[in-house]
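**Student:** fold the following, please.
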Amino acid sequence: MTGTDADYEATRRDGVLRVRRPTTEWLSTGWNGGRRTADCAYNISVPAAWNRTDLGAYVDERLERARFETAAGEFAGPALLTGVDVADARGARRGPVTAYATAGISNPAALPMEPDAAETAEATAIETGESATGQGRGTVNVVVGTTRALEPGALANLIAVAAEAKAATLLAEIGFPGTTTDAIVAGHDPSGSPAAFSGSGTEVGAATRACVRDAVRASLAAHYAAVDADPPESVADATYGVSTDGRAEVFRPPADDGWSEPHS
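**Tutor:** A predicted model of the protein is given here:
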């Protein structure tokens with residue numbers, strides 16, 4: 001899927017999805033994440049039996065093999081890793097926002113609202129097993145970019161908006177809010193038209209919600225059509241997965257009874 005100069009254009013090559021827009025500032029929740037300015041962000045498919053731990057070297061190897069070098073000969077952009085084939089990636093565009101997603105649910109992360117104590121032992125066993133490595137044909141990765149120039153807080157909030165849209169979509173489609181290894185990269189154009197906020201009621205936020213929803217849904221459909229299977233209906237049916245069945249202690253923050261209003 002490619003776009004115009006105003007878009008975040010994507011190219012797939014040798015198991016790597018490159019999303020490119022010059023001098024974008026990215027914020028990543030993935031490996032080696034945080035903020036950085038780079039021309040590209042990447043989503044990289046890993047094999048089913050993948051167990052590399054030298055992630056920096058591995059990412060460089062994959063990008064070099066796919067011939068995705070930057071002008072400086074360095075791979076400076078953020079990179080996400082996924083068990084889903086990037087052939088199943090799908091993009092969506094609305095207004096000033098473009099999003100790309102890969103979605104597979106072999107490692108669902110369930111969050112029951114009424115945890116059953118009887119299930120805790122089983123869930124704990126799953127949490128401490130192989131699913132903790134993130135192996136398997138799973139992960140929901142999203143790369144979203146806007147042509148607007150966002151304030152620092154608005155870029156951070158765009159991660160939250162995209163994560164909320166991803167979770168709402170997955171809950172509606174398969175009953176889970178995500179997997180154990182999901183990640184998001186959000187980007188903006190520091191030289192674009194300024195936008196102070198990115199909440200759901202803003203142009204950027206609303207467009208992000210629509211793009212993430214539609215890209216995730218399309219990638220899910222493509223992925224499960226390709227593997228000729230259905231998503232798991234429960235953690236027990238999944239190859240890997242966790243269910244957060246423990247309860248937290250809920251408390252009310254204490255009031256400072258000795259505090260008084262300052263006199264004007």
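**Student:** so where's the chain uncertain?
**Tutor:** The chain contains residues with pLDDT under 70 at 1-6, 70-75, 116-137, 263-264.
**Student:** and the helices in it?
**Tutor:** Using DSSP state H, the helices of the chain run over 55-65, 120-127, 152-174, 203-226.
**Student:** for Tyr240, find the nearest of those helices.
**Tutor:** Closest to Tyr240 of these, according to CB to CB: helix 120-127, at 7.5 Å. Placement of C-beta: from N, CA and C, glycine included.
**Student:** what's near enough to touch Ala238?
**Tutor:** Taking CB atoms under 8 Å, 6 or more residues apart in numbering, we find Ala238 in contact with Ile105, Ser106, Asn107, Pro108, Pro232.
**Student:** and Glu233, by the same measure?
**Tutor:** Neighbouring residues of Glu233 by CB under 8 Å, 6+ apart: Gly175.
**Student:** any idea how far it is from Gly241?
**Tutor:** Glu233 sits 11 Å away from Gly241 when distances are taken as CB to CB, to the nearest Å.
**Student:** identify the contacts common to the two.
**Tutor:** By CB under 8 Å, 6+ apart, no residue touches both Glu233 and Gly241.
**Student:** right, and Val216 touches Val142 too?
**Tutor:** Yes - counting by CB atoms under 8 Å, Val142 is a contact partner of Val216 at 7.1 Å.
**Student:** any shared contact partners between the two?
**Tutor:** Ala101, Lys166.
**Student:** now distance to Leu158 too, for the contacts of Ala238, in TSV please.
**Tutor:** Output for those, formatted as TSV (distance: CB to CB, whole Å):
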residue	distance to Leu158
Ile105	24
Ser106	27
Asn107	25
Pro108	25
Pro232	30
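**Student:** name whatever forms a beta bridge with Ala79.
**Tutor:** Tyr42 (DSSP bridges).
**Student:** neighbours of it, how many?
**Tutor:** 26 (other CB atoms under 10 Å).
**Student:** quick one: contacts for it?
**Tutor:** Contacts for Ala79 (CB under 8 Å, 6+ apart) come out as Gly30, Trp31, Asn32, Ala41, Tyr42, Asn43, Ile44, Val59, Leu63.
**Student:** weed out the non-buried ones from those residues.
**Tutor:** Buried by 16 or more other CB atoms under 10 Å: Gly30, Ala41, Tyr42, Asn43, Ile44, Val59, Leu63, out of those.
**Student:** any chance of those residues in TSV, with distance to Pro190 too?
**Tutor:** Formatted as TSV, those follow (distance: CB to CB, whole Å):
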residue	distance to Pro190
Gly30	21
Ala41	15
Tyr42	20
Asn43	23
Ile44	26
Val59	25
Leu63	24
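**Student:** of those, closest to Gly246?
**Tutor:** Gly30 (26.3 Å).
**Student:** so who does Val46 touch?
**Tutor:** Val46 touches Arg52, Leu81, Thr82, Gly83, counting by CB under 8 Å, 6+ apart.
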